[in-house]
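> For reference, the sequence and a predicted model appear below.
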Amino acid sequence: MDSQALEYTFTTAAVAKLINAAFTQPLEYLKVSKQLGYTSSNSTGFTCSHFQARLLKHYSSIYQHQPEAIFKGFSMTMAQQMLFALNLFKMYPLLTEHYASVNQDRGDSSFYAAELYAAGTAGFIHGLLTTPLEVIKMRQISNTLMKNVSGDLKLPSEQPYVVREFLFNPVLNPAPKSKPKELSELKRVSALIKTIPKEKVLTYRQFEALMGMKTTTDMTVVEQMKANKALADRVFIKPATKVVDSVKEMMITCPSVLRNFTNCAFITALQTSVQTTSLVYSLHMMDQVSHYAYTTRSDSYYAQFVKSFILARQNDKFFSDLAPIFIGVPSAFITCILTQPLDNIKSVLQSGQFAKFRQLSDSKQLTLAKNNVAEVLVRFYFANNNIKGLFSGFNLRFIRLSFLQTGFGYGVTKEIGDVWLKLKVARRLEA
């Protein structure tokens, strides 16, 4: 591919992907809200009964009260789409040539196999490269949901619980003794506790049990837990929703760059690999249908239908523009059927909403003792008899991948390509 052809294909694809991202981002936001339990009557994200009564109104509530929230994470999506365009027109052709050269002795089927292998490999690499962007986007969306849920649903805001011993300065023992020098501090804390609802006040022993900690009287451990609790309260009360703030919060809650930015990298890469492979498979099937229409001599109803379909596609511009949908629908269906459970697990893990750090602030929230796939399956789905929740958001993801991302996206790419060619011709004529 020469430099001008590469410039044309990459530019048109990149611009089309950016436009496409603007149309698909609201569906991504709504999908995540459903996956994290904000729009299900069986909510496992926030288990308070007063939340469950109105969660089904969340879709309309978002548009009424927080219309700008549906584009949260848009900058990360744009960066992902730009990388995808570069990957599609640079890495994919190189990988196709490589696999074709390796399997060139297998005849005509070798090139098709090479395309499938190249699509799967390019998708996997793309998933690995964009995992950090996906993690930041998921944290932005989930924090926005947590920040807006009370206002959107017109519910009383949830305040973090209070550990009695943490109110003392410095921290007293879990069972403090009343000494003369401590009387004034005890009076101050007692007066403060009277202003807090009883159900929100825990003793340190109750706190240890809630966190699954071993009983201790080590003041170093108690002081550290007090600091962690204060930090978690601050994050919970004012969750970060901007890119830089989200990264800072991630580093506070888990001070490991590797763990933060490779969170669910394999699942993300596997999803993308399946998506790109199914797209190439659907394109190949479309080509086979076209070949059958032009070569068959059958007079069957199916053959006549296929012939009329292909003829309409070739001769009718409107029908031709809709043709990508016939590719996008089976491709998206295959992708969603195979990877929707993985997408739900990925959303739970990358959102950070159910990490143990959150439990420090919100005792009502389901918490993952360990941040892994098995823990999500057991605590988030199996324990709540919510197996069907693994396919939550299927319809939104299917619409995004089929009608918008492939169907509409292909049409936009074609129109931008036509405009680009007209400009190039006009520029040459002027020269």
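In hand now; what should we look at?
> contacts, neighbours, all on C-alpha from now
OK.
> give me the element the spatially closest residue to residue 78 that is not a sequence neighbour is part of.
Of all residues beyond its chain neighbours, the one nearest residue 78 is residue 18 (5.7 Å), with distances taken as CA to CA, 6 or more residues apart in numbering. Using DSSP states H and E, residue 18 sits in helix 3-35.
> could you list every residue that touches the residue nearest to residue 78?
78, 81-82 (CA atoms under 8 Å, 6 or more residues apart in numbering).
> would you list these in TSV and tack on distance to residue 283?
Converted to TSV, the contacts of residue 18 look like this (distance: CA to CA, whole Å):
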residue	distance to residue 283
78	25
81	20
82	22
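> Return the subset of those lying in helices.
Judged by DSSP state H, the contacts of residue 18 include 78, 81-82 as members of helices.
> All the strands of the stretch 101-250 of the chain, residue numbers only.
Using DSSP state E, counting those that start in this stretch, the strands of the stretch 101-250 of the chain run over residues 162-163, 201-202.
> now for the first one, which elements pack on it?
Here strand 162-163 is seen to pack against strand 201-202 when contacts are counted using 3 or more CA pairs under 8 Å, 6 or more residues apart in numbering; DSSP states H and E.
> what's the strand it packs on in contact with?
In contact with strand 201-202 (CA under 8 Å, 6+ apart) are residues 161-164, 193.
> which among those gets closest to residue 360?
Taking CA to CA as the measure, residue 161 is the one of these closest to residue 360, at 8.4 Å.
> now that closest one: how far from residue 216?
Between residue 161 and residue 216 the distance is 21 Å, computed by CA to CA, to the nearest Å.
> try residue 114
Distance from residue 114 to residue 216, by CA to CA: 61 Å.
> between the two, who's got more neighbours?
residue 114 (21 against 14; other CA atoms under 10 Å).
> On the pLDDT front, check that one for me.
If you check residue 114, the pLDDT there is 88.
> helices and strands of this structure: which one has the lowest mean pLDDT?
helix 49-52 (a mean of 41; mean pLDDT, DSSP states H and E).
> how much space is there between residue 206 and residue 213?
In this view, residue 206 and residue 213 are 10 Å apart by CA to CA.
> For stretch 264-276, list the C-alpha coordinates in PDB.
The C-alpha trace of stretch 264-276 is given here as PDB (Å, rounded to 0.1, in the frame of the first residue of the first chain):
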ATOM      1  CA  CYS A 264      -8.500  -7.500  33.100                       C
ATOM      2  CA  ALA A 265      -6.100  -7.100  30.200                       C
ATOM      3  CA  PHE A 266      -6.500 -10.700  29.000                       C
ATOM      4  CA  ILE A 267     -10.300 -10.500  29.100                       C
ATOM      5  CA  THR A 268     -10.200  -7.200  27.200                       C
ATOM      6  CA  ALA A 269      -7.900  -8.600  24.600                       C
ATOM      7  CA  LEU A 270      -9.900 -11.800  24.200                       C
ATOM      8  CA  GLN A 271     -13.100  -9.800  23.700                       C
ATOM      9  CA  THR A 272     -11.500  -7.600  21.000                       C
ATOM     10  CA  SER A 273     -10.000 -10.700  19.300                       C
ATOM     11  CA  VAL A 274     -13.400 -12.400  19.100                       C
ATOM     12  CA  GLN A 275     -15.000  -9.200  17.800                       C
ATOM     13  CA  THR A 276     -12.500  -8.700  15.000                       C
END
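> so how far is it off the chain centroid?
In this view, stretch 264-276 has its centroid 12 Å away from the chain centroid, taken as CA atoms, centre = their mean, to the nearest Å.
> can you check stretch 30-39 too?
Stretch 30-39 has its C-alpha centroid displaced from the chain centroid by 10 Å (CA atoms, centre = their mean).
> CA atoms only: put that stretch into CSV for me.
This file holds the C-alpha atoms of stretch 30-39, laid out as CSV (Å, rounded to 0.1, in the frame of the first residue of the first chain):
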residue,chain,number,x,y,z
LEU,A,30,-26.2,2.9,29.8
LYS,A,31,-24.7,-0.6,29.3
VAL,A,32,-22.3,-0.1,32.2
SER,A,33,-25.0,1.3,34.4
LYS,A,34,-27.0,-1.9,33.8
GLN,A,35,-24.1,-4.2,34.3
LEU,A,36,-23.2,-2.6,37.7
GLY,A,37,-26.7,-3.0,39.0
TYR,A,38,-28.0,0.6,38.7
THR,A,39,-30.9,-0.3,36.4
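> count of neighbours near residue 261?
19.
> what's it sitting at in phi/psi?
Here is the backbone geometry of residue 261 (degrees, to the nearest 10): phi -90, psi 0.
> thinking residue 80 is in contact with residue 132, fair?
No - Residue 80 is beyond contact range of residue 132, at 9.9 Å (criterion: CA atoms under 8 Å).
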